[in-house]
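Undergrad: generate coordinates for the sequence data below:
(chains A, B and C)
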Amino acid sequence: MHAGTSTHDSHDVADHIHPPAEGFVRKYVFSLDHKVIGFQYFFTGLLIMLIAGSFAELVRLQLTDPKGAIMSHQAYNVMFTMHGTAMVWLVLIPLVTGALGNFVMPLQIGARDVAFPWLNMISFWIVPIAALILFSSLLFGGPHAGWTEYPPISLADGTAGALWCLSIFTVGISSTMTGLNFMVTIIKMRAPGMTWTRMPLFVWATFATALMNMVATVALSAAVGALFLEHVFNVPFFDPARGGSAVLYEHMFWFYSHPAVYIFILPAFGVMSEVLSTFSRKPIFGYKMIAFSSMAIAILGFTVWAHHMFPSGLAPWLQIPFMILTYAIGVPTGIKIFSWMATLWGGRIHFTTAMLYALGFLITFSFGGVTGIFLASVPVDLHEHGTYFVVAHFHYVVAGGAVMGFLAAIPYWYPKATGRMLSERLGQLGFWLFFIGLNGTFLPMHWLGLEGMPRRYASYVDFAKAHPDGVFWNQFETVFSFMMAASIGLLAFNVIWSLRHGKLAGINPWGARTLEWTINSPPPYYNFKKIPQVFGRPYDYDQPLPYRNTDNAIEPFPEYGKVVMPTPAPVGAGA
Amino acid sequence: MAAAALHDLSGHDAVAARYHDVDAVYGETRDIRLLGFVFFLLADCVLFSSFIFAYIYLRVSAPAWPPFLNGHQLPWFDTSFAAMNSVVLFGSGVTMHFALENWKHLNKRKFYGWLIATIALGIGFLLGQAHEYSSVGISWAGTTMGASFFTLTGLHGFHVFIGVIYLTVLGIQVNRGVYTGSKYFGLTAGTLYWHFVDVIWVALFFLFYLW
Amino acid sequence: MNVAIIERGAAFLGAIAVGVSAIVQLKNDWKARGLDADVTKLLLGLMAFGCVLALLAAANVLGARS
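TA: Numbering: from 1, shown residues only, chains lettered A, B, ... in the order given. A predicted model of the protein is given here:
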C-alpha cells in the first residue's frame, strides 16, 4: 500500500507499518495475514479434496464389476484423470505447502508475516482460479490421458486438454511464488538467535520444500506450457509424427513431478518430527541428521526423475544411474524413519489423535517406501509399471504419507489456529476409519498388481477370467475406500463443529516447545508482541524454554506504532 | 541477527552501520526484496533452461538439422543480422549499467540520458526481432526447428518487451521523485532484470545462430 | 552479400565497443559488495562473453553456414 508513495529520505518506521486489516473483505477475503491465508488454503484444499475424492469413489464403484459397473469407458478415463490431477495440484500442494507452511512456518521462526504478503495473497487466489479452469474442462468432455497427460494421446483431448494445461500452468505459478516467498522468509526473517541449526524441523522441511517448489515447478510450467502451445497453435514439440518427441515431455514433466512427491512428503516429515517429539516428551533423536536428510532429499530428488520412464525405452546407460540414484534417495528417508523410532524409544507416549496419525504414518509410509525401492529396480519396474502395484505404491506414499502427515498436523495445530481443541473422540474414530480404510483399499492392490491387473483400465474382463479372486478383491477395496471417505467427512464435520463447541485450548495445550506455543491461541495479527530472542533448540524437554521476550503475561501490549510488519511493497518496483 | 530491525527497533544500530544514511527498517526490507528478486530471476532462468533443454533434445535427436519440411531442408538463420542485433541488446545492458552508476553518483541528468538510450536500444532490438521473424522463412507450427526457435526467442522477446515497459515505468517514477540517492531499490531491480534478459540472449544467440 | 558485410562490420565494431565497456565496468565494480553487486558482476561477465561470441560470429569464425 505504501510502496512508491514514500518519497523522502526522512521517512521513518511508520511508513513500514502495515496496520490491522479492517472490514470483511480485507480481513477474510483479500487478507495479507499469513494465518488467514493458511486458513483459506486449508478450506479450499479440503473442498477440492471432497470433489476429487468423490471422483475416486466413482472410479472404485466402476471397478466392482469386471465389465465396469456404472459409467462409460470414456467417463472412467476422465474420472481417474481428474482425480489424480486435482489431488496432486489442487489438494496436496495447497494443503501441505499452502495451508501448513503458511500458518505454521512464520510462527515457528518468530516472524510477524512472510516476506511478501501481497505475493502470498496472489498465490492463494490463483488456486481457486486454477481449480475453476480445471473443472470447467469437464464441460468440454474432460481430459482423458491420466494425470500425467502424456502426448501424443493427450493431444486428442482438444479443448479439455488445453484447459488442463492452462490450469496446471496457473497453479504452477502459484507454487513458484509460494516457494520463493518461503525461501526468502526463512533465510531473512528468523528471530534473532535462531541459527540454522536451531530452527524447528518443520521449518527445515518447509525450506527444502520451498526450494523444490521454486526451482522445479517452473520446469513443469514449461512442459505444460509447451503442451498448451501444441494444443492451441499446433506447435510441434511432442508429436512424433512431426519430428517432436513424446519422451521429451516425459523428461520435462518428471523433472518437476518427481520432486513434487517430495514436495508433498517433506512437510509431512516435518510434522512427524514435531508431533512425535512432542507426544513422546523426548528430544528429537538426531536433529542434524533429520535436517540434513531433508536437504539431501531435496537435492537428490532432482536426480531421479527418469525412474518414471524406464518403460519408455530409455537407453540402458541412463537407466542404471537413475536406478542407483533412486536407491540412494532411500537412505536419507531411512535415516528419518530410524530417527523417529529412536525418538519414540523410552519416551512417555501420549496417544492423542495427532500421535495416532503420526504412528500410523510410520507404518504406512514405510510400506510405501519399501515398495518404492522394489520399483526402483529396472527389471521389476518394467514388469510392474503398468499394473496396480504402482497404484498401491503411490497411494501408500501419498495417502499413507503426505495425507497422513497432514491429518496429524490438523489436530496438532488446530488449537493454535482457532483457540479450540478438536474433538478427540471424533478424531480418534476418524483415525481408525482412515487407517483401516487405507490399508483395506490399497494393500490388496499389491497382489492384484503382481498378478498383472493393468492400471487405468475401465474394465478387466480378461484379468478376471484368469484370476477369479480379482473381482472379490476389487469389491473389497471399494468397501474400504468408503471408510476412508467417511473419515475425511468426519474430519470436515469435526473441524467445523469444534470451531464453536471445542474445548478452549489455552496457549499451549500439548506442552510443546516451538515458538508458536508461546503466544495466544489464536495468535493476534502481529503474532509476537515482542520478537523473541532464541538461544537453543526447541526439543530439549529437560531444559527451560530457550526463548527470551516471550512472556505473554507481563509484557505490556505494545504501542501500535512499534509493531513493524513486513512491508507489503511490490518485489521489483518502488523505492 | 539481521532480521531484528524489521520487527523491532532493537537491531537499528547494527543495520545502520551498513546503510549508514538509510533507516534500519528500509535496509532490512531492501535486503528481503533483493533476495526475492534474485530468486525470481533464478526461477525465470529455470523456465528458459527447460525450453532450451527441449530445443537441444529435439535438435540432437532429429535425423537432420535444419529439418526437412515437404522434402525441402529449411534454411539456417541469418547469423550476420543476429550478430548485429545481439550487439544492440548487449549495448543496452552497458547503457543501463551506466545509468545506474550515474544514479548512484547523484547525476540525474546523465541517468535520464542513459536510461532513454537503454529503452531506445531495447526497442531497436525488438524491431530487429520483428524483421528477423518476417524474413526467417520458417513458421512456428511447421517443424520442431520453428517450434523451438519461435517459442524461445518469443519468450525472450516478451521479456524484453516487459523490460522496456518496466524501464519506462522506472523513468516515470524517477520523474515523480519516488527514488532518492540512497533509496533506489526499483532501479537496482530493473537493472538486474535487464542484465538478466541480456544474458539469456547470450545463450539463445549461441544455440540458434552459432551452433 | 553487401548487406551481410555491412551487418558483420557493424556487429564487429559494436561488439568491441560494448565488450570493452562491459569489461571496464566489471573491473570498476569488482570490489563492490552485496548480493546485487555479485549478481551484476556475474551477469556483466556473461554479457562480456556474449560480446566475444558476437565478435567471433561477425568475423565468421563461429556460425559460418556452408
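Undergrad: for A:G368, see how far away A:H308 is.
TA: To A:G368, A:H308 is 16 Å away according to Cβ to Cβ, to the nearest Å. C-beta coordinates here come from the backbone N, C-alpha and C atoms, glycine included.
Undergrad: so A:P509: helix, strand or coil?
TA: Here A:P509 takes the coil state, with states given by DSSP: H, G, I helix; E, B strand; the rest coil.
Undergrad: ditto for A:E22
TA: coil.
Undergrad: next up, phi/psi of it, please.
TA: phi -130, psi 150 (degrees, to the nearest 10).
Undergrad: just the pLDDT at it, thanks.
TA: A:E22 carries a pLDDT value of 76.
Undergrad: distance check, it against A:S31.
TA: On the measure of Cβ to Cβ, A:E22 and A:S31 end up 11 Å apart.
Undergrad: equivalent analysis for A:A492, please.
TA: Taking Cβ to Cβ, one finds A:A492 at 22 Å from A:S31.
Undergrad: where does chain C come near chain B, residue by residue?
TA: Neighbours of chain B within chain C, by Cβ under 8 Å from any Cβ of the partner chain: C:3-5, C:7-8, C:10-11, C:14-15, C:17-19, C:21-22, C:25, C:35-36, C:39-40, C:43-44, C:46-47, C:49-51, C:53-54, C:56-58, C:62-65.
Undergrad: of the residues you listed, buried ones?
TA: Listed as buried from the residues of chain C next to chain B are C:7-8, C:10-11, C:14-15, C:18-19, C:21-22, C:25, C:36, C:39-40, C:43-44, C:46-47, C:50-51, C:53-54, C:56-58, C:62-63; burial here means 16 or more other Cβ atoms under 10 Å in any protein chain shown.
Undergrad: now do the longest helix belonging to chain A, average pLDDT.
TA: Determined from DSSP state H, the single longest helix within chain A is helix A:246-280. Averaged over helix A:246-280, pLDDT sits at 92.
Undergrad: helices or strands up against the following helix or strand past that helix?
TA: Following helix A:246-280 in sequence order, the next helix or strand is helix A:287-300 (DSSP states H and E). Other elements packing on helix A:287-300 under the criterion 3 or more Cβ pairs under 8 Å, 6 or more residues apart in numbering or on different chains; DSSP states H and E are helix A:201-233, helix A:246-280, helix A:316-344.
Undergrad: and helix A:287-300, how far from the chain's centre?
TA: 18 Å (Cα atoms, centre = their mean, to the nearest Å).
Undergrad: also stretch A:185-201?
TA: 22 Å.
Undergrad: from A:V232, how far out is the nearest residue to A:L490 once chain neighbours are set aside?
TA: In this structure, A:L490 finds its nearest non-sequential neighbour in A:G430, 4.5 Å apart by Cβ to Cβ, 6 or more residues apart in numbering or on different chains. Distance, A:G430 to A:V232, by Cβ to Cβ: 44 Å.
Undergrad: and what of A:S521?
TA: 49 Å.
Undergrad: any idea how far the spatially most central residue of chain C lies from B:V87?
TA: With distances taken as Cα atoms, centre = their mean, C:C51 lies nearest the centre of chain C, 1.6 Å away. Note on C:C51: its distance to B:V87, by Cβ to Cβ, is 7 Å.
Undergrad: now for these two: what residues contact both?
TA: C:15, C:18 (Cβ atoms under 8 Å, 6 or more residues apart in numbering or on different chains).
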